[in-house]
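Undergrad: the following block contains a protein sequence and its predicted model.
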Amino acid sequence: MVSENKVELNKGLRSGYYDRTESSLIVPKPGKLLYRGYNIDDLARYSTFEETTYLLLYGSLPTRSQCDELTSRLVSLRSLPPQVLETIATYRDSHPMDALRAAVSAMSISDPDVEDNSHEGILDKGIRMVAATPAMVAAHHRIRSGLDPIEPDESLTHAASFLHLLFGEHPDPEDAKLIDKDFLLHAEHGSNASTFAGRVAASTGADFYSAMTSAVSVLKGPKHGGAAEAVIRMAHDVGSEENAEAYVESVIGNRGRIPGFGHPVYQDIDPRSVHLRADAKALGERKGQPKWFAIIEAVANSHAMRRRAKLGINPNVDLWSGAIYSLLNIPEDLFVPLFAIGRIPGWTLHLLEQYASRDILRPRLYYKRQEGPGVRPDGPAAMTPSRELSRARARPERDGR
Ligand SMILES: CC(=O)SCCNC(=O)CCNC(=O)[C@H](O)C(C)(C)COP(=O)(O)OP(=O)(O)OC[C@H]1O[C@@H](n2cnc3c(N)ncnc32)[C@H](O)[C@@H]1OP(=O)(O)O
Ligand SMILES: O=C([O-])CC(=O)C(=O)O
């Protein structure tokens with residue numbers, strides 16, 4: 001809490017809890033993450049994206065037949081409705097995240113029950129969205145590259161299908177496994193900025209597509225989902241391990257931020273980054289391209305970042321995912337959309353919780369300006385309310401409640 005004129009400000013809404021959740025537990029230090037009671041380390045090692053989606057949506061890990069059933073539903077919903085494909089084509093020259101935002105919104109056109117915010121209704125819509133987003137991202141990339149979107153192959157897993165839809169070839173199973181784990185590690189993370197945005201929309205009773213579109217929009221920012229893209233751009237700028245120290249010093253000297261470090265909740269290493277670091281290292285070696293790993297590792301080992309690590313500024317989930325995507329030849333501007341594909345189950349779970357709540361999310365802002373003379377009943381005669389109001393209308397609004 002920050003005190004301003006004796007008013008306690010909860011700056012950035014960072015302290016306290018606004019509700020209860022059964023989604024995930026995030027322990028700031030030592031960094032630990034549980035999805036619905038399951039440690040992310042176990043899920044990363046032994047689970048799959050499909051299984052983890054079931055866990056997030058239904059609250060327990062599935063039996064074999066439950067997982068098969070969800071998987072077949074996801075497979076059957078992979079093809080995009082024509083209106084969504086048309087929307088994507090109109091966004092051909094836009095950032096893939098803009099196209100994804102529009103495509104997510106356009107999914108409402110083919111839903112006869114847009115306003116159905118019941119538990120079952122949101123589950124159905126969420127599953128539909130999980131299934132469709134990889135095809136949206138892949139279709140936009142193919143259209144902007146002058147290629148036709150391709151039909152999904154029903155035999156492939158969610159992650160393998162994404163790579164197939166993107167590149168038009170069946171992926172190396174090892175590559176597909178890495179993307180599967182990457183999606184799983186991005187699937188859920190409490191009330192982060194994009195999830196909160198989705199929850200705010202849901203709290204007003206707006207429909208699922210409006211809430212999902214809000215979440216996707218907010219993920220785009222470089223302080224949130226956009227960091228993986230920024231990391232790889234930084235790696236290009238650094239160029240070689242030897243330059244890392246000077247590069248970090250110059251950014252920090254200008255009070256800049258090194259992307260992929262720091263987190264609104266963790267005061268320790270983000271547990272997801274441990275898995276992604278190991279994957280980025282192994283993948284670089286397997287592909288004969290250890291360069292990205294070496295550069296990013298040199299940034300993390302620079303004096304300035306080691307000093308920050310002592311203050312709780314550590315690698316986050318975005319530090320290594322960009323290196324993995326680059327090594328898999330995924331274009332940089334698809335990094336945030338990949339994060340979004342992974343996060344759909346988590347967003348859906350939070351929307352389920354929010355629609356079940358009666359509370360509208362409506363935090364207040366402290367109004368900083370003094371009361372104007374025109375609105376004081378005892379104000380000078382010259383400052384009648386109507387005069388003051390017409391002056392105020394001529395001024396742009398600055399603060400609000
Ligand atoms: C999936 C996700 O959304 S994870 C986050 C992804 N985002 C990034 O990786 C972008 C880079 N990181 C950041 O911008 C920030 O660390 C955030 C936004 C993630 C978290 O911010 P906060 O917890 O509010 O930290 P805050 O901004 O208060 O920083 C406190 C101090 O830590 C230091 N610091 C925090 N992050 C960094 C960083 N990435 N690089 C260098 N120094 C940093 C700064 O010295 C800062 O002090 P200053 O404001 O006087 O310069
Ligand atoms: O939790 C946050 O603030 C950021 C986020 O989405 C994540 O780390 O996955």
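TA: Here it is on my side, so go on. Ligands and ions are numbered 1, 2, ... in the order given.
Undergrad: tell me how many other residues crowd Thr71.
TA: 18 (other Cβ atoms under 10 Å). Where C-beta positions appear, they are placed from N, C-alpha and C, glycine not excepted.
Undergrad: and it, what does it touch?
TA: Listed by Cβ atoms under 8 Å, 6 or more residues apart in numbering, the contact partners of Thr71 are Glu50.
Undergrad: in the helix or strand hosting it, what counts as buried?
TA: Per DSSP states H and E: Thr71 is located in helix 64-76. Under the neighbour-count criterion of 16 or more other Cβ atoms under 10 Å, helix 64-76 has 67, 70-71, 74-75 buried.
Undergrad: swap in stretch 152-165?
TA: Buried-residue list, stretch 152-165, by 16+ other Cβ under 10 Å: 152, 156-165.
Undergrad: in JSON lines, list these along with secondary structure.
TA: Output for the buried residues of stretch 152-165, formatted as JSON lines (DSSP: H, G, I helix; E, B strand; the rest coil):
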{"residue": "Pro152", "secondary structure": "coil"}
{"residue": "Leu156", "secondary structure": "coil"}
{"residue": "Thr157", "secondary structure": "coil"}
{"residue": "His158", "secondary structure": "helix"}
{"residue": "Ala159", "secondary structure": "helix"}
{"residue": "Ala160", "secondary structure": "helix"}
{"residue": "Ser161", "secondary structure": "helix"}
{"residue": "Phe162", "secondary structure": "helix"}
{"residue": "Leu163", "secondary structure": "helix"}
{"residue": "His164", "secondary structure": "helix"}
{"residue": "Leu165", "secondary structure": "helix"}
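Undergrad: dump the residues you listed into CSV; add pLDDT and distance to Leu219 as well.
TA: Putting the buried residues of stretch 152-165 into CSV (pLDDT from 0 to 100; distance: Cβ to Cβ, whole Å) gives the following:
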residue, pLDDT, distance to Leu219
Pro152, 97, 24
Leu156, 98, 25
Thr157, 98, 23
His158, 98, 19
Ala159, 98, 19
Ala160, 98, 24
Ser161, 98, 22
Phe162, 98, 17
Leu163, 98, 21
His164, 98, 24
Leu165, 98, 21
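Undergrad: as JSON lines, the residues you listed with distance to Lys29 would be great.
TA: Supplementary listing: the buried residues of stretch 152-165 in JSON lines, determined by distance: Cβ to Cβ, whole Å:
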{"residue": "Pro152", "distance to Lys29": "42"}
{"residue": "Leu156", "distance to Lys29": "39"}
{"residue": "Thr157", "distance to Lys29": "35"}
{"residue": "His158", "distance to Lys29": "33"}
{"residue": "Ala159", "distance to Lys29": "31"}
{"residue": "Ala160", "distance to Lys29": "36"}
{"residue": "Ser161", "distance to Lys29": "38"}
{"residue": "Phe162", "distance to Lys29": "34"}
{"residue": "Leu163", "distance to Lys29": "36"}
{"residue": "His164", "distance to Lys29": "40"}
{"residue": "Leu165", "distance to Lys29": "40"}
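Undergrad: and Thr204, how many neighbours?
TA: Neighbours of Thr204 (other Cβ under 10 Å): 12.
Undergrad: against Asp172, how distant is Glu188?
TA: Glu188 sits 27 Å away from Asp172, going by Cβ to Cβ, to the nearest Å.
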